[in-house]
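> got a predicted model here, sequence first, then my questions.
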Amino acid sequence: MDNSIGDRVARLIPRGEQGRVAAAVGMTPDALSRAIHGQRGFGAAELMRIADHFDADLHTLISGEPDPRRPRLVARHDYDQSTRTRSIPGHSADRPILDDITLAYRQALLAPREGWSAPSDVEAARTQLGAGFVRPFVERIEERLGIEVVRVGELSTAYSFIVDGRPVIAIPATASWFRENWSIAHELGHLVLGHHANPETRDADERAAHGFAAELLLPAADMRSLDWQGVTPADLAAWIWDLGVSTEALANRLESLGIESPVVRDWSGYTTQRLLRHHWVPSEADDPITIRMDAAAVRRFPVALQTAHLDRIARGEVGKGILAWMLGVADDSLEVEEPTPRPGVSTSDLLDALGI
């Protein structure tokens, strides 16, 4: 651990960049240099600008310790086959959205989920979720595992974290229900495997969470029990619908298990929607494919979170801005119960009462 604020600031600055950083945070090079070397103190505004410039945690910058109340984020990374590296290209843009989600929980003052603990492993998770969990995945996650699910269109990828004792999975609203299912399963894997205890960008953690998602959604025993050689496109479409995954995800899973299927291999190059639209025969009314797409595109926050905000707004404890943001509406269009304004006393009435 660094010994002083100056040491911690110095570690953030790339070699030879001190002058540029000083200009960026509104300091002279001399002032920054003296503050780093302990010859003057940093002002609060200076530290805030430095933390913002480097996207660093202000609490850690000041104290040298992690902020105990700051959620420990884990995210679903993109994987580049050519470089064999994982990254989150949209993390910088996602950070303010994640901060707003955290603020929504902090303002709600919800009690921690007493006794909450993640399932012990993937088999326990599948048992707790129950049969046919893929269709009502979000509802099952909340009702049976006690993990709350937030869906917003501004996010680039899925995240999971624990805020004030409440586990949360945040997913992007994309209309790709099969990607959503995998993202939820992936983040559930991070929670079950305890990756939030020491969240870092670790390739091993990502592989483990991916493996968890694969076994949860496409159990190896089930995959090996099916006749993949004799499968028809219609069979494949029916399985894809029930499994709730993409054609690409299924093809990758079979390859990892050493299972060969010409039909799956052929269809992995096409979109999941194409397979379903051409070969799936629904037993449900209307257009279930579009209905499932629509559900995965809807902005969503847990009802308990919204109710807590409504209660605090009615008592005059918070404004309605965060609730309006959760609902995706303008503040002035949101009609909620608010405290009745107390009648004011006019200047003339006050003068009369004082006999002036």
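Noted; the coordinates are in hand.
> would you map the strands across the stretch 101-250 of the chain?
Per DSSP state E, counting those that start in this stretch, the stretch 101-250 of the chain carries strands over the ranges 148-152, 159-163, 166-172.
> okay, and the helix or strand of the chain with the least pLDDT?
Within the chain, judged by mean pLDDT, DSSP states H and E, the helix or strand with the poorest mean is helix 347-353; its value is a mean of 64.
> and the nearest residue to Asp331 once chain neighbours are set aside, what is it in contact with?
Closest residue to Asp331 apart from its sequence neighbours, by C-beta to C-beta, 6 or more residues apart in numbering: Ala324 at 4.6 Å. Quick note: C-beta positions are derived from backbone N, CA and C, even for glycine. Applying C-beta atoms under 8 Å, 6 or more residues apart in numbering, we find Ala324 in contact with Ala330, Asp331, Ser333, Leu334.
> may I ask which of those has the most neighbours?
Most neighbours among these, by other C-beta atoms under 10 Å: Leu334, with 14 neighbours.
> that residue is in contact with Lys320, isn't it?
Yes: the criterion here is C-beta atoms under 8 Å, and Leu334 meets it with Lys320 at 5.5 Å.
> list the buried residues of the longest helix along the chain.
Ranked by residue count under DSSP state H, the longest helix found in the chain is helix 91-108. Residues His91, Asp94, Ile97, Leu98, Ile101, Thr102, Ala104, Tyr105, Gln107, Ala108 are the ones in helix 91-108 that count as buried (16 or more other C-beta atoms under 10 Å).
> can you list the weak-confidence ranges in the stretch 151-300 of the chain?
198-202 (pLDDT under 70).
> can you give me the helices for it?
Applying DSSP state H, counting those that start in this stretch to the stretch 151-300 of the chain gives helices spanning 177-192, 203-217, 220-225, 233-243, 247-256, 262-267, 272-279, 288-295.
> tell me which of these sits most buried.
helix 177-192 (a mean of 25; mean count of other C-beta atoms under 10 Å).
> which neighbouring elements make contact with that helix?
helix 122-129, helix 137-145, strand 159-163, strand 166-172, helix 203-217, helix 288-295 (3 or more C-beta pairs under 8 Å, 6 or more residues apart in numbering; DSSP states H and E).
> Thr307: neighbouring residues, count only.
Thr307 has 12 nearby residues by other C-beta under 10 Å.
> that one falls within a helix, correct?
Yes: the assignment for Thr307 is a helix, going by DSSP: H, G, I helix; E, B strand; the rest coil.
> how near is it to Val264?
Counting by C-beta to C-beta, to the nearest Å, the gap from Thr307 to Val264 is 45 Å.
> same question for Phe42.
To Val264, Phe42 is 59 Å away according to C-beta to C-beta.
> check Pro288 too.
22 Å.
> name the nearest residue to Val138, ignoring sequence neighbours.
Spatially, and ignoring its direct neighbours in sequence, Val138 is nearest to Val149 (4.7 Å; C-beta to C-beta, 6+ apart).
> that neighbour: what's it in contact with?
Neighbouring residues of Val149 by C-beta under 8 Å, 6+ apart: Val138, Ile141, Glu142, Val168, Ile169, Ala170, Ile171, Ile184, Arg300, Pro302.
> what subset of the residues you listed is buried?
Neighbour counting with 16+ other C-beta under 10 Å marks Val138, Ile141, Glu142, Val168, Ile169, Ala170, Ile171, Ile184, Pro302 as buried within these.
> check those and tell me the two furthest apart.
Spatially, the most separated pair among these is Ile184 and Pro302, at 14.2 Å (C-beta to C-beta).
> Leu135 reaches Gly244, doesn't it?
Slight slip there: residue 135 is Arg, not Leu. Yes: between Arg135 and Gly244 there is a contact at 7.0 Å, judged by C-beta under 8 Å.
> neighbour count: the two, which is higher?
Gly244 (21 against 16).
> spit out the contact partners of the more buried one.
Val134, Arg135, Phe137, Trp177, Phe178, Asn181, Leu217.
> for the fifth one, give its distance to Thr247.
According to C-beta to C-beta, Phe178 stands 9 Å off from Thr247.
> find residues that contact each of the two.
Common contacts of Phe178 and Thr247 (C-beta under 8 Å, 6+ apart): Ile240, Thr272.
> okay, how far is it across stretch 47-61, tip to tip?
End-to-end span of stretch 47-61 (C-alpha to C-alpha, to the nearest Å): 8 Å.
> what's the mean pLDDT across it?
Taken as a whole, stretch 47-61 has an average pLDDT of 82.
> go on, stretch 118-133?
94.
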